[in-house]
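Chemist: Sequence unavailable; structure follows:
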């Protein structure tokens, strides 16, 4: 995650609109006094802020190599009191020793106290011409409106599974590591749109096996039930093989997998089956290329109302899972109800 941190505009993944706009602002010299970068964790806010700050200075002094006196970073999580901001306000008035701009990057800015926000407000209203502020936050709603109104706001989006897989595949190629596509799929899904999380997870897999990263390895070490097991479970549900369903569930639980995550994975599998039912939603299928045909084939054995009924039951079971005392029985009942939903050819409602 540290080695492959973005170092140029081309290496910023999944935020093309933002990087293009910021580059054009530098080229046309249309710089605002304050920017707010907001979005989920691990999507490149701080990395983009550092790159933007460096490029601003290089635009006006291409020979500048040492940015020590031009770029300042403040972590608002640990410097969130009014005295910290007063010190910042005093520093801001001093012009840069080299270059044209001093750029202040304030990370986790939502952590500032109300008094600190108010102390910062005056400086943000009338900043010196040589100062640019870049604020970064994961929780924009916690920032007071008077601060928001004085910033150019850029919303960073979550990484798509496809962008994450491509980036991880490029890193694997660079490091000479063989990796299965399904392994990349699992890591991308587990990271939930955060590239930093995906890189950290991938790093763990490489640390364990520096020659080949397989889907089985990833599933085992990330405590995820592998896709193959879900395909097997759904086949048993379709065939109403309740005894084999219970045996398979026992194998899953005996392997140490969490029941709540198991239900989430099962719901995600049926969601994939649902989007396979229509040509218009087929593009929403987030499975790996190797599994797309399998999803389509399995989906052809199910009717849309039945899949919706199943998803409703799984969601109900997942929402009550934490509060039940006998969790194994809860999961067994859920699977038995899924398998018997079409008993006698009828789509029965669950009691």
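Modeler: That came through, no problem. This is a predicted model, so every value here is computed, not measured.
Chemist: shaky segments in the stretch 251-351 of the chain?
Modeler: Under the criterion pLDDT under 70, the flagged ranges of the stretch 251-351 of the chain are 343-351.
Chemist: Try it again at 90.
Modeler: Residues of the stretch 251-351 of the chain that meet the criterion pLDDT under 90 lie in 255-258, 261, 278-279, 282-292, 340-351.
Chemist: Tell me how many other residues crowd residue 47.
Modeler: 21 (other CB atoms under 10 Å). Bear in mind the C-beta positions are built from the backbone N, C-alpha and C, glycine included.
Chemist: do the same with the one 5 residues further on
Modeler: Around residue 52 sit 25 other residues, with neighbours defined as other CB under 10 Å.
Chemist: pretty sure it contacts residue 24?
Modeler: No: the criterion here is CB atoms under 8 Å, and residue 52 misses it with residue 24 at 12.0 Å.
Chemist: Could you pull out the helices in the stretch 101-250 of the chain for me?
Modeler: 114-125, 145-148, 161-175, 181-191, 195-208, 215-221, 227-239, 242-254 (DSSP state H, counting those that start in this stretch).
Chemist: Could you dump the ones you listed into a markdown table and include mean neighbour count?
Modeler: Formatted as a markdown table, the helices of the stretch 101-250 of the chain follow (neighbours: other CB atoms under 10 Å):
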| stretch | mean neighbour count |
| --- | --- |
| helix 114-125 | 17 |
| helix 145-148 | 13 |
| helix 161-175 | 17 |
| helix 181-191 | 22 |
| helix 195-208 | 19 |
| helix 215-221 | 19 |
| helix 227-239 | 19 |
| helix 242-254 | 15 |
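Chemist: Just put those helices in JSON lines and tack on distance to residue 28.
Modeler: Below are these laid out as JSON lines (distance: least, CB to CB, whole Å):
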{"stretch": "helix 114-125", "distance to residue 28": "23"}
{"stretch": "helix 145-148", "distance to residue 28": "24"}
{"stretch": "helix 161-175", "distance to residue 28": "28"}
{"stretch": "helix 181-191", "distance to residue 28": "35"}
{"stretch": "helix 195-208", "distance to residue 28": "29"}
{"stretch": "helix 215-221", "distance to residue 28": "45"}
{"stretch": "helix 227-239", "distance to residue 28": "48"}
{"stretch": "helix 242-254", "distance to residue 28": "57"}
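Chemist: contacting residues for the spatially most central residue of the chain?
Modeler: Among the residues of the chain, the one closest to the centroid is residue 193, at 2.1 Å (CA atoms, centre = their mean). For residue 193, the contact set (CB atoms under 8 Å, 6 or more residues apart in numbering) comprises 40, 43, 157-160, 164.
Chemist: just these now: which is nearest residue 285?
Modeler: residue 160 (13.1 Å; CB to CB).
Chemist: just checking, the closest one touches residue 14?
Modeler: Yes: contact criterion CB under 8 Å: residue 160 and residue 14 qualify, at 6.5 Å.
Chemist: residues making contact with stretch 304-316?
Modeler: Here stretch 304-316 has contacts from 237, 263, 266-267, 270-271, 273-274, 277, 334, 337-338, 341-342, 347, 349-350, using CB under 8 Å, 6+ apart.
Chemist: sorry, that was for stretch 251-264
Modeler: 223-225, 229, 314, 317-318, 321-322, 327-328, 330-331, 334.
Chemist: 7 Å instead, please
Modeler: 223, 225, 229, 314, 317-318, 321-322, 327-328, 331 (CB atoms under 7 Å, 6 or more residues apart in numbering).
Chemist: Would you work out how far apart the start and end of stretch 3-11 are?
Modeler: For stretch 3-11, the first-to-last residue distance is 12 Å (CA to CA, to the nearest Å).
Chemist: swap in stretch 123-139?
Modeler: First residue to last in stretch 123-139 (CA to CA) measures 22 Å.
Chemist: mean confidence score for that stretch?
Modeler: The average pLDDT for stretch 123-139 rounds to 94.
Chemist: Buried residues in it, which are they?
Modeler: Across stretch 123-139, burial judged by 16 or more other CB atoms under 10 Å covers 123-124, 127, 130-138.
Chemist: and the two most separated of those residues?
Modeler: Across those (CB to CB), the longest gap, 29.0 Å, separates 130 and 138.
Chemist: residues in contact with the nearest residue to residue 92 once chain neighbours are set aside?
Modeler: Leaving aside its chain neighbours, residue 92 sits nearest to residue 131 (5.2 Å; criterion: CB to CB, 6 or more residues apart in numbering). The contact partners of residue 131, by CB under 7 Å, 6+ apart, come to 92, 102, 104.
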